[in-house]
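A.B. asks: I would like to see how this sequence folds:
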Amino acid sequence: MDFKEYLQAYEPGSDKGPIERDRLGCDVDFYDVNFEGEVFAYDIFILGVPEGRLSPNNETCAFAPDEIRASLYELYSGDWSHKVLDLGNLKLGNEVKDTYLALQEFTSFIIQNKKVLLVLGGGHDLIIPIYKGYAAMGNPVNFASSDAYLDFQEAGKSHSRSFLSQLLASQDSLMSQYTLIGYQSYLCSPRELKLLEDMDVHLLRLADVNADIKEVEPCVRDLSHLSVDLSVVKSSEAPASVHSSPNGISAASLCAMLRYCGMSSGLSSVLFSELNPRLDRNKQSAKVYAQAIWYFFEGFNMRCDDLPGQELENFQKFHVSSELSELLFYKSQQSSRWWVQLPTKDSLLPCSFIDYKKAVEGLLSDRLLKYIKH
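C.D. replies: Okay, the predicted model is just below:
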């Protein structure tokens, strides 16, 4: 794949002079027409997609990629071993479908080579070509969105507030699981919520996320992709979207979620979407996304191969017997993460210490009840 044909290079530090030593901007490499390095010597790729033509009333989210970068590259680096390459921005097509096709090809190319792609949008509709990039490989995938809204359907139209039906409804869909994290019930149609429940979509309300962000970790552990819509963050902390609400998750919770995503060895892409710089006071929202990416890097540096396989000698085993169930819980001695074996399932499923604790008390958590149901 000839990157130079598709990309417009990003020039770091051009507005404020050279980047200071020990900042992220000094540790990230930048792709341009003179780049001669080995592309796949890098672990993580950053790609800006300034496409906002299908973001109703929020079209200037197209200007977000460089705003996010400006805040990201001012942060200090962590003690990390992975290598990051900023590819610059994807050149837009004459029509949105042309941009989609280019992003689809980039997604397939990078994940086929077992690397990680961070997409700086642009609209949340960019999840569509990202999904198609995965589907082109023919393997089932687990996707999730962190969003205040369902983004489900509007009279057959497809845009950043109406794309989910495309991902779920087709007969040849390879979506094995879709999870919606942080939705707000009063912003969502009860009829559509019921329909998504019937389609086995995993729905995690804002109240559940805010109650304990640690309980989100099992939800993202097996993901292939996460899309973040800025509307999921409360407007007082991230105001740069016309769709933001006074309620939402905190910026700190978003950072924790992205750290969990970084730790997830199966996750290979993240989309950051719907940030409108023209509404961003003091670049506050850009800083929220930048710090979330920083925490993704920290989580990525902690990745370890502790997924349960045939050999379970590195796991503690706990047998829980009650009138309700016969369960086997496994705790990784490497990462302290938990899995559960259900009588009706062949594979181990991600869970938390709280799920185990409730089972010991003779109760099944909502997560385990969903596992049993489906």
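
A.B. asks: Roughly how far does the residue most central in space within the chain sit from Y183?
C.D. replies: Centroid-nearest residue in the chain: L226, 2.1 Å away (criterion: CA atoms, centre = their mean). According to CB to CB, to the nearest Å, L226 and Y183 sit 14 Å apart. Just so you know, the C-beta spots here come from the backbone N, C-alpha and C atoms, and that holds for glycine as well.

A.B. asks: do P65 as well
C.D. replies: 26 Å.

A.B. asks: what sits against L226?
C.D. replies: Applying CB atoms under 8 Å, 6 or more residues apart in numbering to L226 gives the contacts 143-146, 220, 257, 261, 267, 269-271.

A.B. asks: just how off-centre is the worst-scoring helix or strand of the chain on mean pLDDT within its chain?
C.D. replies: Across the helices and strands of the chain, mean confidence by mean pLDDT, DSSP states H and E is lowest for helix 164-169: a mean of 79. Distance, stretch centre to chain centre, for helix 164-169: 18 Å (CA atoms, centre = their mean, to the nearest Å).

A.B. asks: what comes up buried for that helix?
C.D. replies: 164-168 (16 or more other CB atoms under 10 Å).

A.B. asks: do the same with stretch 202-214
C.D. replies: Going by neighbour count (16+ other CB under 10 Å), the buried part of stretch 202-214 is 202-206, 208-209, 213.

A.B. asks: if I look at S352, how far off is E237?
C.D. replies: Counting by CB to CB, the gap from S352 to E237 is 26 Å.

A.B. asks: can you redo the contacts of L226 as JSON lines with pLDDT and neighbour count?
C.D. replies: Formatted as JSON lines, the contacts of L226 follow (pLDDT from 0 to 100; neighbours: other CB atoms under 10 Å):
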{"residue": "F143", "pLDDT": "96", "neighbour count": "24"}
{"residue": "A144", "pLDDT": "97", "neighbour count": "25"}
{"residue": "S145", "pLDDT": "97", "neighbour count": "26"}
{"residue": "S146", "pLDDT": "98", "neighbour count": "29"}
{"residue": "V220", "pLDDT": "97", "neighbour count": "24"}
{"residue": "M257", "pLDDT": "98", "neighbour count": "28"}
{"residue": "C261", "pLDDT": "98", "neighbour count": "27"}
{"residue": "L267", "pLDDT": "97", "neighbour count": "24"}
{"residue": "S269", "pLDDT": "98", "neighbour count": "26"}
{"residue": "V270", "pLDDT": "98", "neighbour count": "24"}
{"residue": "L271", "pLDDT": "98", "neighbour count": "26"}
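
A.B. asks: Now distance to H159 and secondary structure too, for those, in CSV please.
C.D. replies: Formatted as CSV, the contacts of L226 follow (distance: CB to CB, whole Å; DSSP: H, G, I helix; E, B strand; the rest coil):
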residue, distance to H159, secondary structure
F143, 18, strand
A144, 20, strand
S145, 15, strand
S146, 19, strand
V220, 26, helix
M257, 25, helix
C261, 25, helix
L267, 26, coil
S269, 21, strand
V270, 21, strand
L271, 15, strand
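
A.B. asks: ok so, going back, P65 and Y183: who's more crowded?
C.D. replies: The neighbour comparison of P65 against Y183 (other CB atoms under 10 Å) goes to P65, with 27 against 24.

A.B. asks: Domain-wise, how is this protein divided?
C.D. replies: Using automatic domain parsing, the domain parsing of the chain gives 3-301, 315-373.

A.B. asks: can you pull the pLDDT of the closest residue to S241 other than its chain neighbours?
C.D. replies: Counting by CB to CB, 6 or more residues apart in numbering, L230 is the residue found nearest to S241 once chain neighbours are left out, at 4.5 Å. pLDDT recorded at L230 is 98.

A.B. asks: Please look at L230 and A286 and confirm they touch.
C.D. replies: No: counting by CB atoms under 8 Å, L230 does not reach A286; the two are 10.1 Å apart.

A.B. asks: and the two? which has more neighbours close in?
C.D. replies: Between L230 and A286, counting by other CB under 10 Å, L230 is the more crowded of the two (32 against 23).

A.B. asks: if I pick the more buried one, what's in contact with it?
C.D. replies: So L230 contacts 238, 240-241, 243-244, 273-275, 285, 288-289 (CB under 8 Å, 6+ apart).
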